[in-house]
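**Q** Test case, fold it:
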Amino acid sequence: MTGLADRPYGHERENAMSEATTDQMTDRQEGTAAGQTASVEVFFDDLDAFGMLYHGRFAALLERAITLCFARQGLTFGHPDLNVVVRELHLVFERPVKGIGPVEATFELDALGRTSASFAFRIHSGEVTHAHGRRVIVKIDPRTGVPDPWTPATRELLQRMLPGSR
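**A** Numbering: from 1, shown residues only. Down below sits the predicted model:
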């Protein structure tokens with residue numbers, strides 16, 4: 001019997017689950033109008049001492065991409081439905097981003113609640129996936145800090161982003 005220390009990085013079951021999640025995300029992205037992609041820049045100050053994107057910066061790249069895509073839909077800074085907090089961020093690293101330059105972030109809304117939204121995402125360079133995962137946001141009332149329902153216009157916009165809604 002082998003101990004945890006004897007196992008390779010990422011158990012076979014975990015790797016199979018990661019690959020399934022990546023495959024499902026890729027399958028949903030290909031041929032669907034629901035997925036959104038934005039090109040975002042990796043800057044020198046995003047890199048670690050090895051010249052690779054510092055792991056903590058992946059969330060910032062995703063935020064930039066989502067902000068760009070929402071702005072294309074008319075949801076810009078100051079819009080009441082952008083008073084959101086991140087409730088959950090699950091990130092699986094696949095391959096490093098080496099050096100500065102553009103990478104793509106593709107995301108897709110996969111669940112919509114009364115006050116929340118969940119996105120599957122993939123950060124990639126062409127077909128090379130650097131990271132993938134899931135991000136859940138909750139809209140809040142900035143005065144009280146409690147969850148606040150989406151406005152009808154934003155709810156309609158988000159519902160159109162759900163897979164199978166077209």
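**Q** May I ask which helix or strand of this protein has the lowest mean pLDDT?
**A** helix 12-29 (a mean of 41; mean pLDDT, DSSP states H and E).
**Q** right, and the helix or strand after it?
**A** Sequence-wise, the next helix or strand downstream of helix 12-29 (DSSP states H and E) is strand 36-42.
**Q** what comes up buried for that next one?
**A** For strand 36-42, burial by neighbour count (16 or more other Cβ atoms under 10 Å) applies to Q36, A38, V40, V42. Quick note: C-beta positions are derived from backbone N, CA and C, even for glycine.
**Q** contacting residues for the residue positioned nearest the centre of the chain?
**A** For the chain, the residue nearest the mean C-alpha position is F121 (3.6 Å; Cα atoms, centre = their mean). Neighbour list for F121: M25, L62, A105, T106, F107, E108, H132, G133, R134, R135 [criterion: Cβ atoms under 8 Å, 6 or more residues apart in numbering].
**Q** Secondary structure element holding the residue lying closest to the third one once chain neighbours are set aside?
**A** Pointing back at A105 there. Once flanking residues are discounted, A105 sits nearest to A65: 3.3 Å by Cβ to Cβ, 6 or more residues apart in numbering. Taking DSSP H and E as the definition, A65 sits inside helix 58-72.
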